[in-house]
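1. Could you look at this predicted model? Sequence included:
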Amino acid sequence: MQRVVWALRSYLFLAYMAVSVVPWATVVLIVSIFTRGDRVYWLCAGWLTHSISAARVICGVRHRMHGLDNLAEANRAPAVIVLPKHQSTWETFAFPGLMPHPLAYVFKRELLYIPFFGWAMARMDMIHIDRARRSEAWRRVAEQGAHHMKHGVWVIMFPEGTRAARGQQEDYKTGGTRLAVSTGASVLPIAVTSARCWPRKTFTLRPGVIDVSVGPLLSSVGKRPDVLMREVEAWIEAEMRRLDPEAYASDATPAAAGQAALPAAGSTASEP
């Protein structure tokens, strides 16, 4: 019976998003004819934040922030690349409302073809790439990423590239740290337990609390991209095991390589 209730609430949430995105995206498209930049970004971010609120009200999906001191430190840095754990659609929607700077996502261009949602995304200054053309994709990321960070925008890249199942991890790719090393930007690792409430490959949301833990800001100066990404991976995977231990109960070899070297996010937390 519980699963039926979850499914019904989830379908109601998805229906709400499907209906609300049409007028919201239409407004974005009209506004973007006359202006671009921050105004269009915050209009789009408004719908995403509104959807996260709807998930809380309709499906009981709440979130709790850890590491606010680390986020405050990152807010003072001249250039930041955000590198989060990727388990769900939830974090892609939530981060514009959680981060103190506008974000430029690096994403596959196929998303631009989604009616209304993708059309509105196309009016934003994001970094969409063709994964099949790797050299061109990297050149686009390097050029546009440097441009965005110069203007105070944080670049966000999911180092695993795809959503990982709860208790699992995908290969951490070095695109984000490569951009950091080439531009001198710092990187901000973030652990997210979103699969606890919104697992990948399903539209059924479960009520509960998603932990978002902001890690220590890591300098890229004098480091190789692969070495820096190993630091990011070690912190995120160790923190994931701290935040969601039952998901990793069968893991005999947790990602402890950097657990001692990098601190946990600490007790600083907030819950809306």
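-> Cool, the structure landed.

2. What does the pLDDT read for Leu262?
-> Looking at Leu262, its pLDDT is 55.

3. Over to Ser194?
-> Confidence score, pLDDT, at Ser194: 97.

4. Number of residues surrounding it?
-> Residues lying near Ser194 (other CB atoms under 10 Å) number 26. Any C-beta I mention is one placed from the backbone N, CA and C, and that applies to glycine too.

5. I figured it hits Ser88, correct?
-> Yes: at 3.7 Å, Ser194 and Ser88 qualify as touching, with contact defined as CB atoms under 8 Å.

6. hey, where'd the strands end up in the stretch 151-272 of the chain?
-> For the stretch 151-272 of the chain, applying DSSP state E, counting those that start in this stretch gives strands covering 154-156, 186-192, 208-214, 269-270.

7. Make a markdown table from these and add distance to Leu98 and mean neighbour count to it.
-> Converted to a markdown table, the strands of the stretch 151-272 of the chain look like this (distance: least, CB to CB, whole Å; neighbours: other CB atoms under 10 Å):
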| stretch | distance to Leu98 | mean neighbour count |
| --- | --- | --- |
| strand 154-156 | 11 | 26 |
| strand 186-192 | 9 | 26 |
| strand 208-214 | 7 | 22 |
| strand 269-270 | 10 | 12 |
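
8. Out of those, the one nearest Arg9 is which?
-> strand 208-214 (12.7 Å; CB to CB).

9. which regions of this protein lie under the pLDDT threshold?
-> For the chain, the stretches with pLDDT under 70 are 131-132, 252-272.

10. go with 50
-> Applying pLDDT under 50 to the chain flags residues 253-261, 267.

11. Compare the strands of the stretch 151-272 of the chain and report which one is nearest to Glu143.
-> strand 154-156 (11.8 Å).

12. can you list contacts of the closest one?
-> Residues from elsewhere that reach strand 154-156 (CB atoms under 8 Å, 6 or more residues apart in numbering): 80-84, 95, 99, 101-106, 127, 145, 148-149, 176, 179, 185, 188.

13. all helices in this protein, in order from the N-terminus.
-> 2-34, 38-59, 68-75, 90-98, 117-122, 134-150, 175-183, 225-243 (DSSP state H).

14. right, so those: which one is the most enclosed?
-> helix 175-183 (a mean of 23; mean count of other CB atoms under 10 Å).

15. what comes into contact with that one?
-> Outside helix 175-183, the residues touching it (CB under 8 Å, 6+ apart) are 79, 81, 83, 106, 138, 141-142, 145-146, 149, 155, 157, 159, 185-187, 220, 223-226, 228-229, 232.

16. Could you dump the strands of the stretch 151-272 of the chain into TSV and include distance to Val4?
-> Output for these, formatted as TSV (distance: least, CB to CB, whole Å):
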stretch	distance to Val4
strand 154-156	36
strand 186-192	28
strand 208-214	17
strand 269-270	33
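
17. Which of those strands sits closest to Trp198?
-> The minimum distance between Trp198 and these falls on strand 208-214, with 8.0 Å, by CB to CB.

18. Tell me the helices and strands packed up against that closest one.
-> In terms of contacts (3 or more CB pairs under 8 Å, 6 or more residues apart in numbering; DSSP states H and E), strand 208-214 is packed against strand 61-66, helix 68-75, helix 90-98, strand 186-192, helix 225-243.

19. wait, what's in contact with Ala165?
-> Contacts of Ala165 were listed using CB under 8 Å, 6+ apart, and they are 87, 195, 199-200.

20. can you do 7 Å?
-> With contact set as CB atoms under 7 Å, 6 or more residues apart in numbering, Ala165 has these partners: 195, 200.

21. and if you look at Arg39?
-> Shown in contact with Arg39 (CB under 7 Å, 6+ apart): Val31.

22. What sits closest to Trp198 if chain neighbours are left out?
-> Leaving aside its chain neighbours, Trp198 sits nearest to Ser88 (4.3 Å; criterion: CB to CB, 6 or more residues apart in numbering).
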